[in-house]
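S.K.: next come a sequence and a model predicted from it.
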Amino acid sequence: MEYPNTNQSLFDLQYNENFKSQLRGAAVWGGIAAILSIGSTLLGLIQTFMTKNEIPAEFRAEGFENSTMRNVATGGNIVGTVISLIISILLFYFLIRFSSLTKTGLNGNNPEMVSSGLGNLSSYFITIGVIIIIVLVIFLIAIAGIAASAGS
Amino acid sequence: MEPNQSSSLFEMQADGLAQSRLNSISKWSKFIAIVVLIMVIITAIFLFVAKDQIIEAFSSMVALDNRATGVLIGIIVVVMGLVIIWIVALFRAATFIKQGLLSKNSDRLAEGFKAMRIFFVISVVFSVLSILSALTSMF
């Protein structure tokens, strides 16, 4: 007497061909997005260093053309660019790992590798989410500071 | 005696860890989509309320005639439309992935990753625009 196959638990989820095809598509475009995004950040970095001696027009219009103002404007630009470069490298790493591990896993029918790829996509979204939370907290503190100084 | 094979060589299964990772993708992408959507709505309201002051401020920096103002407004509307499609795609991805996980339905998960692909395609468009803008201002 043959018993039904009970190795597959109720909690298992099968990857069908439709799912594999769509996941592969997302992985391919995720990889392209990762490469272009880091390229865009690197260009921004080059642009910052190329224009580091120029004072923004709005500061010139206000009469701020001395070297202290130039240093403050340039320093702010460089700090902002370096922070965005670090974030971009982190996001690039997670997205490119998602892309390569998922494609390799799907091509080799390796569920562990696909799972690792999904782990990297999860880390990518967690990083963006945490950055958004940090930016919102800084924004709220700034608003509270402005409101407090306006009230006193 | 033949070994009891749970699946064929061509089938793959998502284990508990993969499902937990899919759940995390769904949760965080939904959070990002909702927060960014709220920020876009607030920005749109601000732009609408203060449109006259913004146009005036732009006019003081660069000479803006009616045509240039129309082009500027057109660009803002197109960018906002793209951002909304981008965020809706992310929200749909999060929703379909969650539904697929709850109902153990691979086709729902596939819909989720289809929406995720649209999200990445629009990300590519934004990156290309950013690269073109940087190159234009450099040369």
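M.R.: Nice, thanks for sending it over.
S.K.: middle-most residue in chain B, spatially?
M.R.: The geometric centre of chain B, computed from its C-alpha atoms, lies nearest to residue B:86 (C-alpha atoms, centre = their mean), at 2.8 Å.
S.K.: residue A:139 - how many residues pack around it?
M.R.: Using other C-beta atoms under 10 Å in any protein chain shown, residue A:139 has 11 neighbouring residues. The way it works is simple: take the backbone N, C-alpha and C, and place the C-beta from them, glycine included.
S.K.: next, the buried residues of the helix or strand where residue B:114 lies.
M.R.: Per DSSP states H and E, residue B:114 falls inside helix B:106-138. Buried residues in helix B:106-138, defined by neighbour count with 16 or more other C-beta atoms under 10 Å in any protein chain shown: B:106, B:108-124, B:126-127, B:130-131, B:134.
S.K.: what about stretch A:109-121, average pLDDT?
M.R.: Regarding stretch A:109-121, the rounded mean pLDDT is 94.
S.K.: return the distance of residue B:108 relative to residue B:19.
M.R.: Per C-beta to C-beta, to the nearest Å, residue B:108 is found 13 Å from residue B:19.
S.K.: now the helices for chain A?
M.R.: Taking DSSP state H as the criterion, chain A contains helices spanning A:17-50, A:57-61, A:67-107, A:111-151.
S.K.: does chain B sit close to the first one?
M.R.: To tie it back to what came earlier, the one meant is helix A:17-50. Yes: using C-beta under 8 Å from any C-beta of the partner chain, helix A:17-50 comes into contact with chain B via A:18-23, A:25-26, A:29-30, A:32-33, A:36-37, A:39-40, A:43-44, A:46-47, A:50.
S.K.: right, and the helix or strand after the helix or strand bottoming out on mean pLDDT in chain B?
M.R.: Using mean pLDDT, DSSP states H and E, the weakest-scoring helix or strand in chain B turns out to be helix B:51-61, at a mean of 76. Next along the chain after helix B:51-61, taking DSSP H and E as the criterion, comes helix B:66-103.
S.K.: buried ones among the residues of helix A:17-50 next to chain B?
M.R.: Looks like the residues of helix A:17-50 next to chain B have A:19-20, A:22-23, A:25-26, A:29-30, A:32-33, A:36-37, A:39-40, A:43-44, A:47 buried, using 16+ other C-beta under 10 Å.
S.K.: tell me the spacing between the residue nearest the centre of chain A and residue B:116.
M.R.: Residue closest to the mean C-alpha point of chain A, counted by C-alpha atoms, centre = their mean, is residue A:91 at 3.7 Å. Separation of residue A:91 from residue B:116 (C-beta to C-beta) stands at 15 Å.
S.K.: same check on residue A:108?
M.R.: According to C-beta to C-beta, residue A:108 stands 22 Å off from residue B:116.
S.K.: again with residue A:96
M.R.: For residue A:96, the distance to residue B:116 (C-beta to C-beta) stands at 16 Å.
S.K.: output the below-cut-off pLDDT ranges for chain B.
M.R.: For chain B, applying pLDDT under 70 flags the ranges B:1-11, B:62-64.
S.K.: average pLDDT across stretch A:16-27?
M.R.: 94.
S.K.: what's residue A:36 in contact with, if anything?
M.R.: With contact set as C-beta atoms under 8 Å, 6 or more residues apart in numbering or on different chains, residue A:36 has these partners: B:124, B:127, B:128, B:131.
S.K.: contacts with chain A among those residues, please.
M.R.: Applying C-beta under 8 Å from any C-beta to these, those adjacent to chain A are B:124, B:127, B:128, B:131.
S.K.: good, we can wrap up now.
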